[in-house]
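S.K.: I would like the atomic coordinates for the input below:
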Amino acid sequence: MSVNISRDRRPRIPITTTYKITVINPDGSIAQVIEGKNDDPFAWNFPWLFYGSMFAPSQSSNILDVSGTALFLYTPDVPQDYIGPAVAIPYPAAALCLVNCPGTPNAPYKLKLPGIWLFSTPFSGPAQVYPIYSSLITSVTYSPPSVGENIIGNVGTTNTITLSQTIINSSGSTITVSSFAVVAAFYPVTSSGLAGTPYFIDIAYYNLPTPLTWSPGIALNVQVTFQVPT
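M.R.: Presented below is the predicted three-dimensional model:
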């Protein structure tokens, strides 16, 4: 079975997200706070993975990593008629990671750290990172992300998971920030655990209502909170 979800008919998952960007001066004072909400933040990879996992043990699917490389997901075996150029990954024996992810220094991307990635160009059309991958802001210092959660096992409550990351403009130049994305490390899983070097895939994306002018020495603390109803 092959899962085929058109990009303009992505399933709507009842998870919303809010974001908060705190602009911090070199002396630690707060210069600006930007807050927003996205009711449909997810990159098309996310529902593709979600729905694809429910069709095991005989299905296959293709997703794209952040640079546009096709990742061919299959379970339990690669179909005999598959002749594509994509990377073949066993699935659903795969895992996503945002914090303390192994093998990321060897990842073949401009930025070696999953988490929140900043871009100088806004997203347009389908929710994908690879069309604006060349606009990834890399001349700054990204700190490792952290994750906090408030999970309550009661029906009718809203659980939250917050991803937070601080990024400092260490470039010496003023930078324009137009958008950002949540990017996860994606691993095949073997009997020994997470396999080798991960691929990076985009999970969620956001355009700022107004591009942010980011001066040298200024830090941005970016928080994305996923709100999950039960």
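
S.K.: going forward, measure contacts between C-alpha atoms and count neighbours the same way
M.R.: Will do.

S.K.: Burial check on residue 160, number of neighbours?
M.R.: 18 (other CA atoms under 10 Å).

S.K.: which residues sit in contact with it?
M.R.: Listed by CA atoms under 8 Å, 6 or more residues apart in numbering, the contact partners of residue 160 are 149, 150, 151, 225, 226, 227, 228.

S.K.: From these, pick the one nearest residue 121.
M.R.: For the contacts of residue 160, the closest approach to residue 121 (CA to CA) belongs to residue 225, at 22.5 Å.

S.K.: tell me the pLDDT at residue 21?
M.R.: pLDDT, residue 21: 98.

S.K.: which ones are touching it?
M.R.: 33, 34, 35, 220, 221, 222, 223.

S.K.: Confidence-wise, which of the contacts of residue 160 comes last?
M.R.: Within the contacts of residue 160, pLDDT is lowest for residue 151, at 69.

S.K.: What sits closest to residue 147 if chain neighbours are left out?
M.R.: residue 163 (4.6 Å; CA to CA, 6 or more residues apart in numbering).

S.K.: Go ahead and confirm that neighbour touches residue 150.
M.R.: No - with contact defined as CA atoms under 8 Å, residue 163 does not count as touching residue 150 (12.0 Å).

S.K.: Of those two, which one has the most company?
M.R.: In terms of neighbours (other CA under 10 Å), residue 163 is the more surrounded of residue 163 and residue 150; the figures are 20 against 10.

S.K.: Now the phi/psi pair for that one, please.
M.R.: Main-chain dihedrals, residue 163, degrees, to the nearest 10: phi -100, psi 130.

S.K.: ok, and the most centrally placed residue in the chain, which helix or strand is that part of?
M.R.: With distances taken as CA atoms, centre = their mean, the chain has residue 183 as the residue nearest its mean C-alpha position (2.3 Å). Element membership of residue 183, judged by DSSP states H and E, is strand 175-190.

S.K.: helices or strands up against that strand?
M.R.: strand 87-90, strand 94-97, strand 115-119, strand 199-214 (3 or more CA pairs under 8 Å, 6 or more residues apart in numbering; DSSP states H and E).

S.K.: What angle do strand 199-214 and that strand make with each other?
M.R.: Angle of strand 175-190 versus strand 199-214, following axes from the mean of the first three to the mean of the last three CA atoms, to 10 degrees, is 170 degrees.
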